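Q: Pasting a predicted model and its sequence here:
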Amino acid sequence: MIVSMIPFTTLPVQAAVPINSIVLATSTDLFKSAVEAGGSIKLGADMEIDRELQIKKPLTLDLAGHTLTFTTNNNTALKVQEGGSLVLNDSSEEKSGKITTNTSYVIFSYASAPEYGDITINGGTIETTNNGGDALYVGDKYIKVTINGGKLIGKGAALQSRSDVDIARGVFDGNVNVYGNDGSLLELNITGGYFKNVQINRYTQYNITGGYFAQDCDVLDQFPSETYTVSKTPAADGKETAREYPYKVIPIGDAKSYNVSTIYNSNSKTILSGTEGCKLKPFLNNYSYLKDPTRYGLDESYRYDGFYYDAAYTQSVDENARLTENTTVYVKFVPIPMYTVTVKYNLKDIPDSTKKVRQEQAAYVSFESLNLSSPNPEQYGIEGNYIFEGYYTDP
């Protein structure tokens with residue numbers, strides 16, 4: 001009897017598909033293994049990742065119009081560590097590629113030695129919904145940060161960096177903060193892009209030759225499509241003195257600004273300053289006190305009814321109108337039908353109490369919510385065992 005030995009080979013159920021040295025990742029398992037291996041990855045599908053991924057080797061990631069959603073309980077979605085680096089691209093025509101998470105950091109990079117942890121963003125949206133989260137956090141001066149496009153969204157910051165940063169393009173929906181942690185001088189070089197907030201720090205030199213900087217504009221779609229060029233000359237010692245309110249939106253250099261005067265009844269005027277290109281109505285809506293009738297000597301029986309270009313209130317401010325010159329707007333208030341509630345105590349020397357209630361609220365108002373004074377029998381000279389029993393609509 002002849003026995004033949006046939007080699008047995010175990011084949012993986014899934015394998016990364018290389019395309020011209022680029023791994024096409026079509027599942028979460030393939031993506032995780034490709035990140036661990038380093039190299040170039042192109043997403044082939046939307047994916048949900050349930051843990052932090054650590055980048056320990058040079059990695060180029062093309063979102064290719066797909067979305068990476070991280071649901072991890074860690075503080076970070078993608079952590080670039082020593083030995084690793086990240087280049088982020090989005091090759092899709094729609095530029096719809098996105099990394100989104102609720103973590104404190106979408107991308108976190110830290111390196112204690114040169115030539116590690118470098119970050120290059122060429123495309124894609126990087127977003128955290130965490131109230132104090134940062135889209136990109138760079139934790140050491142050795143890291144090189146280059147941003148040539150994409151959109152960074154962070155309620156804490158779009159970008160926080162303790163290293164030099166070069167920005168040529170991109171949208172930054174959140175604070176941009178470059179600061180040294182050991183007294184060393186850092187540089188923020190900006191030649192283009194759209195910025196919501198740029199924080200000024202003492203040990204950062206600002207070399208700004210382009211870009212659009214918002215002042216009092218809270219919505220990024222208020223920016224016009226054209227790039228508005230600004231410039232700023234650093235101080236002689238290369239350091240900028242810290243501002244009193246560093247998180248306020250800062251108009252930089254020669255950015256044009258115009259006065260917006262708001263008037264009510266020809267005798268109450270407020271002058272605000274806004275940057276050229278901002279949408280006028282959202283700009284005004286940022287200042288809620290402009291809609292407060294008591295600011296203009298009116299009582300609660302009036303309500304705000306819009307902003308207008310004329311004192312006769314015939315031409316309202318359009319939603320898409322932009323600030324292109326010094327502008328005067330008129331704020332309109334209209335009376336609200338009111339009910340007056342009167343409480344008669346039927347006691348000697350005790351005055352009646354009155355309270356006004358808006359007509360539309362009357363059906364929901366209780367006497368307790370009116371905060372009318374409840375009489376104390378002893379205060380009014382009533383002797384004996386008496387207590388206040390309540391309010392009635394008849395004597």
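A: It's in. Numbering: from 1, shown residues only.
Q: which residues does Tyr137 bridge with?
A: Under DSSP bridges, the beta-bridge partners of Tyr137 are Phe108, Gln160.
Q: Can you give me the neighbour number for it?
A: 25 (other CB atoms under 10 Å). The way it works is simple: take the backbone N, C-alpha and C, and place the C-beta from them, glycine included.
Q: Show the contacting residues for it.
A: Tyr105, Ile107, Phe108, Ser109, Ala157, Gln160, Ser161 (CB atoms under 8 Å, 6 or more residues apart in numbering).
Q: and with 7 Å instead?
A: When contacts are counted by CB atoms under 7 Å, 6 or more residues apart in numbering, Tyr137 touches Tyr105, Phe108, Gln160.
Q: Below-threshold pLDDT in the stretch 101-250 of the chain: ranges please.
A: The model of the stretch 101-250 of the chain has pLDDT under 70 over residues 111-116, 181-184, 200, 202, 212-250.
Q: what about the strands in it?
A: 105-109, 119-121, 125-128, 134-138, 145-153, 157-161, 165-178, 186-190, 194-198, 204-208, 212-213 (DSSP state E, counting those that start in this stretch).
Q: Let me have those strands in a markdown table, extended by distance to Pro337.
A: Shown next, in a markdown table, are these (distance: least, CB to CB, whole Å):
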| stretch | distance to Pro337 |
| --- | --- |
| strand 105-109 | 51 |
| strand 119-121 | 56 |
| strand 125-128 | 46 |
| strand 134-138 | 49 |
| strand 145-153 | 44 |
| strand 157-161 | 47 |
| strand 165-178 | 42 |
| strand 186-190 | 54 |
| strand 194-198 | 42 |
| strand 204-208 | 54 |
| strand 212-213 | 46 |
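Q: which stretch among these comes nearest Lys98?
A: Closest to Lys98 of these, according to CB to CB: strand 125-128, at 4.2 Å.
Q: And the closest one, what's buried?
A: For strand 125-128, a neighbour-count test (16 or more other CB atoms under 10 Å) marks Thr125, Ile126, Glu127, Thr128 as buried.
Q: The third one contacts Thr103, doesn't it?
A: No - in this structure, Glu127 sits apart from Thr103 without contact. The criterion is CB atoms under 7 Å, and the distance is 10.8 Å.
Q: coming back round to it: will you turn the contacts of Tyr137 into JSON lines that also has distance to Ser288 and neighbour count?
A: Shown next, in JSON lines, are the contacts of Tyr137 (distance: CB to CB, whole Å; neighbours: other CB atoms under 10 Å):
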{"residue": "Tyr105", "distance to Ser288": "32", "neighbour count": "27"}
{"residue": "Phe108", "distance to Ser288": "36", "neighbour count": "26"}
{"residue": "Gln160", "distance to Ser288": "29", "neighbour count": "22"}
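Q: how about those in TSV, adding distance to Gln205?
A: Compiled in TSV, the contacts of Tyr137 are given as follows (distance: CB to CB, whole Å):
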residue	distance to Gln205
Tyr105	26
Phe108	25
Gln160	17
